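> Show me how the following folds:
(one chain, ligands or ions: 2)
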Amino acid sequence: MIPQKRKPVPEPDAQPFSPQFSCRATGFGFTKMKKVVLVTGANSGIGLALCERLLSHDTEGLLLCLACRNVQRAQAARAALLASHPAAQVDLLQMDTSSVSSVLRTAQEVKVRYNRLDYLYLNAGIMPNPEFDAKAFFRGLFSSKVITMFATGDGILTQKDGVTPDGLQQVFATNLFGHFLLIRELEPVLCQEGRTSQLVWTSSSNANRSAFSLEDIQHRRGTQPYSSSKYATDLLSLSLNQHYNKQGLYSSVVSPGFVMTNLTFGILPSFPAFLWTLLMPVFWLIRVFTNTFTLTPYNGSEALLWLFRQKPESLDPYAKYHSLTSGLGNNYTQPHKMDITFETSESLYIKLLQLESDTRKKLAETQSAGPSLKT
Ligand SMILES: NC(=O)C1=CN([C@@H]2O[C@H](COP(=O)(O)OP(=O)(O)OC[C@H]3O[C@@H](n4cnc5c(N)ncnc54)[C@H](OP(=O)(O)O)[C@@H]3O)[C@@H](O)[C@H]2O)C=CC1
Ligand SMILES: CC(C)=CCC[C@@H](C)[C@H]1CC[C@H]2C3=C(CC[C@]12C)[C@@]1(C)CCC(=O)C[C@@H]1CC3
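Residues are numbered from 1 along each chain as shown. Ligands and ions are numbered 1, 2, ... in the order given. Just a heads-up that it's a prediction; the model follows:
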């Protein structure tokens, strides 16, 4: 785990009975308990902007935990957050969402460190080896689908996926399955008597039913693993609500819009980041026609922050909450009904449970075989 200096602030209660904003007795009198918020992929882009905004919203009432795969980048993010919020408590965890053993190890560490988890932001994500279809883009510009194309990227993007050392498809493992395992492992801290917890997924407007198949949930055969993983995210969120709401755990999905981050810079690899910045006036113009061009991580994190402020019971499990920015640059959040069905979400859930069980068995076998048999 990442070495860090911890501030002498009170730890959350040892007993799971305290309501969210309770006070507890300490040697120094009564102290308001901190809400524990864990964000995956928190060292850059939308995740980092969210952390910054959460701390601006409530510096002292939160215990923010950044779960990142790269230790140096995580430490840099923590330093940046503490520079603007010196009184904040920011912890670090090393976690690679594409690796089953890494997720299980991190979950164990979370359970040891914190005995409550109020918000879990499932934000880490990749779009590897993207291929931009310039011909389809120019055709789209002069078609009736131009606004949809700019809002969703439909029809102009494909990716080449890889396979993880666990034998899973890389995009599926990183964006969806690692997060699913994390939730399953964290059940004891997420589902506690007398308290609610929220899961917030960074999904996408690129989630598309046509890219997803129940017969190939990992998208081994297609060319749109990203779109498939985000559609699966939408389905999974619905089924998590079905299975966990009675235990006080609620799940929602967000579409941050089109945001310029490391992920999107990779879409046009021959196009350096500064050229994207030069395109800003064009993007501001497009924003007049589609409010999905949020462009900055700050704007893109709008719906993620909005959900933090909502009572989870009031949220619609069939809605995707969109971060939107108007032509004048004002941010707001709007729910849109998702193109998903309850039956498909349940079927996916059963398949994920089966894959979880297979994966755990495989890991146990590898571990019992000992390190000498590993390649
Ligand atoms: N940018 C956009 O327009 C949109 C983005 N999104 C989604 O927003 C989320 C955040 O992406 P964004 O901020 O744009 O891009 P960034 O690349 O800036 O952020 C992605 C984050 O995920 C982390 N990450 C990637 N792979 C792993 C892994 N295996 N284990 C742990 N962490 C990992 C990255 O870590 P590292 O720095 O080490 O790579 C990084 O912190 C993603 O889920 C993305 O799909 C959705 C819609 C639009
Ligand atoms: C004028 C000009 C060069 C416009 C940019 C065209 C495209 C590169 C973008 C138009 C819509 C964008 C978009 C995404 C990536 C970049 C675009 C295709 C995403 C697919 C990125 C990841 C997501 O999750 C959703 C985004 C939707 C919009």
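> how about stretch 131-151, does it get close to ligand 2?
Yes - against ligand 2, stretch 131-151 shows contacts by Cβ under 6 Å from any ligand atom at residue 150. For the C-beta atoms, the positions are set from N, CA and C on the backbone; glycine is no exception.
> Any buried residues in that stretch, and which?
136, 140, 149-151 (16 or more other Cβ atoms under 10 Å).
> right, is it up against ligand 1?
No - using Cβ under 6 Å from any ligand atom, stretch 131-151 never reaches ligand 1; the gap is at least 10.8 Å.
> Name the surrounding residues that touch that stretch.
Outside stretch 131-151, the residues within contact range by Cβ atoms under 8 Å, 6 or more residues apart in numbering are 154-160, 205, 258, 267-268, 286, 289-290, 292-293.
> how about a cut-off of 7 Å?
With contacts defined as Cβ atoms under 7 Å, 6 or more residues apart in numbering, stretch 131-151 is touched by 154-159, 205, 267-268, 286, 289-290, 292.
> Farthest-apart pair in those, please.
Distance extremes for these: the farthest pair is 159 and 289 at 26.6 Å, using Cβ to Cβ.
> out of these two, which sits in the busier spot?
A direct count of neighbours by other Cβ atoms under 10 Å for residue 159 and residue 289 places residue 159 higher, at 23 against 13.
> and that one, what is it in contact with?
127-131, 171, 223-226.
> Would you mind listing what in this protein touches ligand 1?
Checking the chain against ligand 1 by Cβ under 6 Å from any ligand atom, the hits are 40-41, 43-47, 68-70, 73, 95-98, 123-126, 174, 202, 204, 256, 258-259, 261-264.
> Looking at these, which are in strands?
40, 68, 202 (DSSP state E).
> Show me what from the stretch 201-350 of the chain comes close to ligand 2.
Checking the stretch 201-350 of the chain against ligand 2 by Cβ under 6 Å from any ligand atom, the hits are 204-206, 258, 264, 267, 279, 282.
> out of these, who's nearest residue 336?
residue 205 (9.0 Å).
> In CSV: the contacts of residue 159, plus pLDDT, distance to residue 36 and secondary structure.
Shown next, in CSV, are the contacts of residue 159 (pLDDT from 0 to 100; distance: Cβ to Cβ, whole Å; DSSP: H, G, I helix; E, B strand; the rest coil):
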residue, pLDDT, distance to residue 36, secondary structure
127, 97, 29, coil
128, 95, 31, coil
129, 93, 36, coil
130, 94, 35, strand
131, 93, 40, strand
171, 98, 29, helix
223, 97, 39, coil
224, 98, 35, coil
225, 98, 32, helix
226, 98, 30, helix
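> buried subset of the residues of the chain next to ligand 1?
Buried among these (16+ other Cβ under 10 Å): 40-41, 43-47, 68-69, 95-98, 123-126, 174, 202, 204, 256, 258-259, 261, 263-264.
> Taking the contacts of residue 159, please make a PyMOL selection of just the buried ones.
To isolate the buried members of those in PyMOL, using 16+ other Cβ under 10 Å:
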select buried, resi 127+130+171+224+225+226
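> tell me the two of the contacts of residue 159 that are most distant?
131 and 171 (13.8 Å).
> could you pull out the strands for this protein?
23-26, 29-32, 35-40, 62-68, 89-94, 119-122, 130-132, 157-159, 197-202, 249-255, 319-325, 331-337.
> what sits against the residue nearest to residue 85 when sequence neighbours are not counted?
Spatial nearest neighbour of residue 85, chain neighbours left out: residue 55 (4.3 Å); criterion: Cβ to Cβ, 6 or more residues apart in numbering. Neighbouring residues of residue 55 by Cβ under 7 Å, 6+ apart: 62, 64, 81, 85, 88.
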